[in-house]
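# requesting a structural model of the entry that follows:
(2 chains)
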Amino acid sequence: MLENLAAGFLLVAQWQNVLAIIAGAVVGYFVGALPGLSAGMGIALLLPFTFYFPPLTSLVLLTSLYSAAEYGGSITAVLINVPGEGGAVPTCFDGYPLTQQGQPGKALGVSIVASCYAGIASTIGLILVSIPLAQIALKFGPPEYFALGVFGLTTVAGLAGKSWVKGFIAVLFGLLITTIGVDAVSGNSRYIFFKSLYEGIPLIPVLVGLFAVSEVFLTMEELAERTAAVQKFSGSLPTLREYLGTHLAMLRGTLIGFVIGIVPGAGKAVASFIAYNEEKRASKHPERFGTGVLEGVASPEAANNAVVGGALVPLLSLGIPGSAAAAVLIGAFTIQGLQPGPLLFAKEPGLVYGLFASLLVGNLVMLALGLLGTKLWAKVLDVPKNVLTPIVLAVTLFAAYAESNSVYTVWLALAFGVLGYALRKCDFPVAPVVLAMVLGNMIEISFRRSLILSDGSAAIFLTRPVAVVILGLAVFSIGYQVLRDLRKKPRISDE
Amino acid sequence: MRTVTAVCILSLACVAGLPLVGPLATMADAAGFPTKPITVFNSSTAGSPTDVMARQVAQYARKYLGQPMVVVNKPGGGGGVMFAALFSEPADGYALASLTASQVAALHAELKKDFSFDQFDFLANVQRESHCLVVKADGPFKTLQDVIDAGKKGSGVKVGGQGTGSALHLMVILLAEQSGAKLDWVPLGGGSESVTNLLGGTVPVISTSPATVNQYVEAKQMRVIVVSAEKRVDHLKDVPTFKELGYDILMTQYRGFAARKGLPVDARAKLVEAIHKATREPAFKEFMAKNYQPDGYMGPDEFNAFARADFELMGRLTQKLGAKK
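Model (predicted):
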């Protein structure tokens, strides 16, 4: 294996491949940083160019883009409370408060280090255990997806903010949205009033609407009332001590992200929500989460980058994509006449190990870019708000447009912006809506498929060991939060 | 929208400082069609057989069109999303759909309300391949007869595959009807989901295409037990057809290009010619061979007639079987 890896490094050291890694990282960095442009979209955009590249160069370019884009999504989350995609939503929770305290550099620094750490650790995981671990992907039938979805939903308890009831209302609202569209099990239309609703409501316009557009409205209001404080922002990075303090958070985030990445279709949003929630639970000071805790940035950021390595596990060894972006990567393989799957390691060892080597190098390139960029990004915040806000709105609406290449999604983003503004004014958390939208279809479809498999008996959820364990975790997760809240309340009244 | 996509791609490329090898669109003569890139909508995700077919054709057709063909994935709604995208564009030849038998079959089911067969002009078919039923190599079933026998006992056999009311589904309904076995359909998301569920043991049988499972068959993880084409498939010489086994089931998956009806005559001719020439390129033929795809080229007259016949067959099946959900 080491020999193969050494050969892989030699391949990657060719100038075309080095160039491809750097180009991929730079493009990915910007694609990620633009709200609404996802890693998958970035890969799809560059895919046509790779037609003319040799196979390794093409794959190196795209995987490097993939990793960097997963990091890039956190930049706007930290700076302006606008997550670039679902996976970056939890980064807002503690990343943005740090910015409000004038310390965006700290959040960005932890975020890039966590991303790089997770990227490298998950690549090592991929190299060492990809073939045995691929079996995890196969253990996931419909009942397990259902269980995982339910477990994912329980993280709402950690996001609900002040009021549980409001958190659950937000979740239910998100779940309701996911019932719109053609029902994938029966083929029936549900709530389709016009053709655009066929596919259901896409996530990105809702995401940018609820977070970005509503944030723009709130800022405009502040500006109008002249309550917006002029603030100094520092691009200074965390100290070594602060980095070390988040080490465990990065490790936990990486593990969670890697395992969830292996499960095809679960996705990075689930991973980073769960990682944030688990971090909060593991923490000695959970009550400070949401106020700008570095661990709260490190864990979800590590998780969403560890998903990259995880998603490549079933992709390379089984030919099954672990994420939406990995699905686009399969396209890159097939275009090159390669089939990721059980024969790839045997047929194309040079390519596989070259890819591994490039992931290791690519993460370091990303780290360098990220650290260099931090000071620059912090400068963005020095732009007066009355200039920055309209730019944010324009970029956001562009992202909404890019989702479907139609104005329909722009209206959707604006509508959800108004809704998000109203929700936030009434103290409803908006993150649970996004969480529910990420999970809703998975939960519903896998629930119904499970029942088809079991001829209608719900026992199927309790007779499959993996499903039982995950459902158990879900019960534990929600029970723990309830108990802690119950215990916490009297203490608050004491104060 | 095409301009925006193009601008995106270009600006990204500039950011990357990519060495843009390859032909940057030899300029088309100003007068004739096409004067701008052609969008090809695809109802599956990137990397699916249809998507790859379309991208390959696009790659070679560019030379003959003088403009790029850009494949845009519009997955969802059993093809409805792609059709909606196609019909939101004018019938000027700048928007095509790469489609398969599945979407034609869907015109009888969930897409019936919004689209009709007569709105389409089937320009050129590229691939035509068999469907098949696949089991795990180390599973309980070795032959189709094993599956049928098991299906006649107890709670029947679960068969997984893409979609509801799809050709893959109708094939299983036909088999159940003709054999008297109870075969329960488990609708799955697509090819790789079918693979996962078969390998993971969630379903013992899947209905899919040989191309989807080739590598697993080669790696001895799966076994194809029956194919639905007229004749045996070249690289699966040991696998019988339904006909040989005494079932009256003949179905093929075809992948080709369609447009809205009413294209300008010269645009239509130019597109057909470019697609045809692309499929004659040696490199394209190599791609087809590598993926075990037989050449299924049909020009517009033949393809329109063929698609209609297939559509009508699907209609009879769907109706006869009460459009089982």
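
# need the CA coordinates for stretch B:289-300. CSV is fine.
Written as CSV, here are the backbone C-alpha positions of stretch B:289-300 (Å, rounded to 0.1, in the frame of the first residue of the first chain):
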residue,chain,number,x,y,z
ALA,B,289,-18.3,-1.1,-26.8
LYS,B,290,-16.6,-0.3,-23.5
ASN,B,291,-20.0,0.1,-21.9
TYR,B,292,-21.5,-3.0,-23.6
GLN,B,293,-24.0,-0.9,-25.5
PRO,B,294,-25.2,-2.2,-28.8
ASP,B,295,-25.6,0.4,-31.6
GLY,B,296,-29.2,1.3,-31.7
TYR,B,297,-29.2,4.3,-34.1
MET,B,298,-32.5,5.3,-35.6
GLY,B,299,-33.2,8.4,-37.6
PRO,B,300,-36.2,10.6,-37.0
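
# wait, does it contact chain A?
Yes - applying CB under 8 Å from any CB of the partner chain, one finds stretch B:289-300 touching chain A at B:Lys290. Where you see a C-beta, it was placed from the backbone N, CA and C, and this is true even at glycine.

# how far is that stretch from where the chain is centred?
A distance of 12 Å separates the centroid of the chain from that of stretch B:289-300, by CA atoms, centre = their mean, to the nearest Å.

# state the mean pLDDT of it.
Looking at stretch B:289-300 alone, the average pLDDT works out to 87.

# now that stretch: buried residues?
Applying a neighbour-count criterion of 16 or more other CB atoms under 10 Å in any protein chain shown, one finds B:291, B:293-294, B:296-298, B:300 buried in stretch B:289-300.

# same deal with stretch A:360-368?
Using 16+ other CB under 10 Å as the burial criterion, the residues of stretch A:360-368 that qualify are A:360-363, A:365-367.

# what do you get for stretch A:113-126?
Taking 16+ other CB under 10 Å as the neighbour-count basis, stretch A:113-126 is seen to contain the buried residues A:113-123, A:125-126.

# by proximity to chain B, which residue of chain A wins?
Closest approach between chain A and chain B, counting by CB to the nearest CB: A:Gly331, at 3.2 Å.

# so which of the buried residues of stretch B:289-300 are in strands?
Applying DSSP state E to the buried residues of stretch B:289-300, the entries found in strands are B:296-298.

# quick revisit: could you grab the helix/strand/coil label for the residue of chain A closest to chain B?
Reducing the assignment at A:Gly331 to three states with DSSP: H, G, I helix; E, B strand; the rest coil gives helix.

# helices or strands up against the worst-scoring helix or strand of chain A on mean pLDDT?
For chain A, counting by mean pLDDT, DSSP states H and E, helix A:156-159 ranks last in confidence among helices and strands (a mean of 73). For helix A:156-159, the contact count by 3 or more CB pairs under 8 Å, 6 or more residues apart in numbering or on different chains; DSSP states H and E identifies helix A:164-178, helix A:267-282, helix A:431-453, helix A:465-494 as packing neighbours.

# near chain B, which residues of the stretch 101-250 of chain A show up?
Applying CB under 8 Å from any CB, one finds that the stretch 101-250 of chain A approaches chain B through A:137-142, A:181-182, A:184-189, A:195-196, A:198-200.

# just the buried ones among these, please.
A residue is treated as buried here by neighbour count (16+ other CB under 10 Å); on that basis the buried members of these are A:137-142, A:181-182, A:184-185, A:187, A:189, A:195-196, A:198-200.

# now do the strands in the chain.
If you meant another chain, say so; for now it's chain A. A:181-182, A:189-190.

# you answered for a different chain; I wanted chain B.
Under the criterion DSSP E, chain B carries strands at the ranges B:38-42, B:69-73, B:95-100, B:120-130, B:132-136, B:157-162, B:183-188, B:205-208, B:222-227, B:252-260, B:295-298.

# run through the stretch 1-150 of chain B and note the low-pLDDT ranges.
Per-residue confidence of the stretch 1-150 of chain B (counting by pLDDT under 70) places the weak regions at B:1-31, B:46-47, B:76-78, B:110.

# any chance you could map the helices in the stretch 201-325 of chain B?
Under the criterion DSSP state H, counting those that start in this stretch, helices of the stretch 201-325 of chain B are mapped to B:210-218, B:265-280, B:282-290, B:300-320.

# need the winner for burial among the ones you listed.
Across the helices of the stretch 201-325 of chain B, the average number of neighbours (mean count of other CB atoms under 10 Å in any protein chain shown) peaks for helix B:210-218, which reaches a mean of 21.

# show which residues not belonging to that helix make contact with it.
The contact list for helix B:210-218 (CB atoms under 8 Å, 6 or more residues apart in numbering or on different chains) reads A:319, A:339, A:341-343, B:49, B:129-130, B:132, B:134, B:191-192, B:194-195, B:199, B:222-224, B:227, B:233, B:235-236, B:291-293.

# mind exporting the C-alpha coordinates of that helix to PDB?
Included here for helix B:210-218 are C-alpha records, laid out as PDB according to Å, rounded to 0.1, in the frame of the first residue of the first chain:
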ATOM      1  CA  PRO B 210     -27.200  -4.700 -17.800                       C
ATOM      2  CA  ALA B 211     -25.000  -1.600 -18.100                       C
ATOM      3  CA  THR B 212     -25.800  -0.700 -14.500                       C
ATOM      4  CA  VAL B 213     -24.600  -4.000 -13.100                       C
ATOM      5  CA  ASN B 214     -21.900  -5.000 -15.600                       C
ATOM      6  CA  GLN B 215     -19.000  -4.400 -13.200                       C
ATOM      7  CA  TYR B 216     -20.700  -6.300 -10.400                       C
ATOM      8  CA  VAL B 217     -21.300  -9.200 -12.700                       C
ATOM      9  CA  GLU B 218     -17.700  -9.100 -13.700                       C
END
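
# dump the least confident helix or strand of chain A to PDB, restricted to CA.
Extracted as PDB, the C-alpha positions of helix A:156-159 are listed here (Å, rounded to 0.1, in the frame of the first residue of the first chain):
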ATOM      1  CA  VAL A 156     -33.500  20.100  16.600                       C
ATOM      2  CA  ALA A 157     -33.600  19.900  20.400                       C
ATOM      3  CA  GLY A 158     -30.100  21.500  20.400                       C
ATOM      4  CA  LEU A 159     -31.100  24.200  17.900                       C
END
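
# who touches that helix?
Helix A:156-159 has contacts (CB under 8 Å, 6+ apart) with A:93, A:164, A:167-168, A:170-171, A:273, A:276-277, A:280-281, A:289, A:429, A:431-432, A:435-436, A:477-478, A:481-482.

# let's see it at 7 Å
Residues external to helix A:156-159 that are found in contact with it (CB atoms under 7 Å, 6 or more residues apart in numbering or on different chains): A:167, A:171, A:276-277, A:280, A:429, A:431-432, A:435, A:478, A:481.

# got a winner among the residues you listed for most neighbours?
Of all the contacts of helix A:156-159, the most densely surrounded is A:Tyr276 (31 neighbours; neighbours counted as other CB atoms under 10 Å in any protein chain shown).

# is it true that it touches A:Val297?
No - the pair A:Tyr276 and A:Val297 does not pass the contact test of CB atoms under 7 Å, sitting 9.3 Å apart.

# now tabulate the helices and strands packed on helix A:156-159 in JSON lines and tack on mean pLDDT.
Converted to JSON lines, these look like this (pLDDT from 0 to 100):
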{"stretch": "helix A:164-178", "mean pLDDT": "91"}
{"stretch": "helix A:267-282", "mean pLDDT": "89"}
{"stretch": "helix A:431-453", "mean pLDDT": "91"}
{"stretch": "helix A:465-494", "mean pLDDT": "78"}
